[in-house]
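Engineer: Below are the sequence and a predicted model; questions follow.
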Amino acid sequence: MKYESDFLTRVILRLDYPTEPGLQGDHEPEVSAGISDRFPFVQSVENTQVSFTVSPDGSGMEQSRKGWNWLHKTHEHENQKVVTVATDFLAIEYFEDQYTNFEEFIDNFYFVFERFQKLYEVEEFSRIGLRYIDEFTMPDGNALDWENLIAKDLITSVNAGVLKGQRVTRSMHQLH
């Protein structure tokens with residue numbers, strides 16, 4: 001089934017690994033040169049970590065610099081296809097209207113990953129995540145009334161526990 005509207009706004013694949021010493025510091029990573037054919041525009045972004053503490057003795061917030069993230073883009077001033085190389089993760093992200101199919105997406109990921117592994121030889125990955133983000137814009141009315149947006153059988157669980165005359169204030173679901 002193909003919907004008339006495409007609600008897909010982002011696709012992200014991310015690999016987490018232990019902190020890589022070769023990616024620490026404020027200099028552009030060596031892998032940048034290897035992926036510049038497809039992702040020629042590089043931008044550094046400071047990575048800041050914020051920690052919150054709540055205890056009987058008091059609470060507080062601590063902010064510290066964790067290093068740099070290096071964004072490798074297909075276009076200089078726009079987020080269309082972006083590879084992020086950080087001290088502890090590697091990610092590829094396609095923004096709205098850029099994702100056409102999985103084969104092209106994974107081909108770009110493998111292109112980056114092969115060059116990354118050749119340089120850093122990371123042996124252990126703690127997490128891999130693939131996320132498709134769909135955004136539905138509701139012009140007005142009931143935020144859970146998706147009847148004209150997606151197939152009814154995909155949203156049955158959202159309204160399953162709602163009795164007649166009741167209103168949902170929060171609905172959280174996880175489907176495996």
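Structural biologist: Alright, I've got the coordinates.

Engineer: can we go C-alpha only for contacts and neighbour counts from here?
Structural biologist: Will do.

Engineer: any idea how far T53 is from G67?
Structural biologist: Distance, T53 to G67, by C-alpha to C-alpha, to the nearest Å: 22 Å.

Engineer: elements contacting the helix ranked longest in the chain?
Structural biologist: Identified as the longest helix of the chain according to DSSP state H is helix 102-120. Secondary-structure packing of helix 102-120 (3 or more C-alpha pairs under 8 Å, 6 or more residues apart in numbering; DSSP states H and E): helix 31-35.

Engineer: Pairing partners for the helix or strand just after the helix it packs on, with directions?
Structural biologist: Using DSSP states H and E, the helix or strand that follows helix 31-35 in sequence is strand 41-55. Strand 41-55 has the following sheet partners, assigned by DSSP bridges: strand 58-73 (antiparallel).

Engineer: Can you report the mean pLDDT over the residues of the strand it pairs with?
Structural biologist: Averaging pLDDT along strand 58-73 gives 89.

Engineer: which residues of the protein score low on pLDDT?
Structural biologist: Residue ranges of the chain with pLDDT under 70: 1-5, 138-139, 143-144, 155, 157-160, 171-176.

Engineer: What's the separation between the residue nearest to T74 when sequence neighbours are not counted and V82?
Structural biologist: Among residues not flanking T74 along the chain, F39 sits closest, at 4.6 Å (C-alpha to C-alpha, 6 or more residues apart in numbering). Noted for F39: a distance of 7 Å to V82, by C-alpha to C-alpha.

Engineer: any shared contact partners between those two?
Structural biologist: Common contacts of F39 and V82 (C-alpha atoms under 8 Å, 6 or more residues apart in numbering): H72, K73, T74.

Engineer: residues in contact with the first one?
Structural biologist: This means H72. Applying C-alpha under 8 Å, 6+ apart to H72 gives the contacts S32, S36, F39, P40, F41, V42, Q43, V82, V83, T84, V85.

Engineer: Let me see the contact set for the third one.
Structural biologist: The one in question is F39. H72, K73, T74, H75, V82, V83.

Engineer: Ok, the fourth one next?
Structural biologist: When contacts are counted by C-alpha under 8 Å, 6+ apart, P40 is found next to H72, K73, T74, H75.

Engineer: Kindly recompute the last result at 7 Å.
Structural biologist: By C-alpha atoms under 7 Å, 6 or more residues apart in numbering, the contact list for P40 reads H72, K73, T74.

Engineer: Excluding residues flanking it in the chain, which one is nearest the residue nearest the centre of the chain?
Structural biologist: The residue lying closest to the centre of the chain (C-alpha atoms, centre = their mean) is I12, at 4.2 Å. Nearest non-adjacent residue to I12, counting by C-alpha to C-alpha, 6+ apart: E93, 4.4 Å away.
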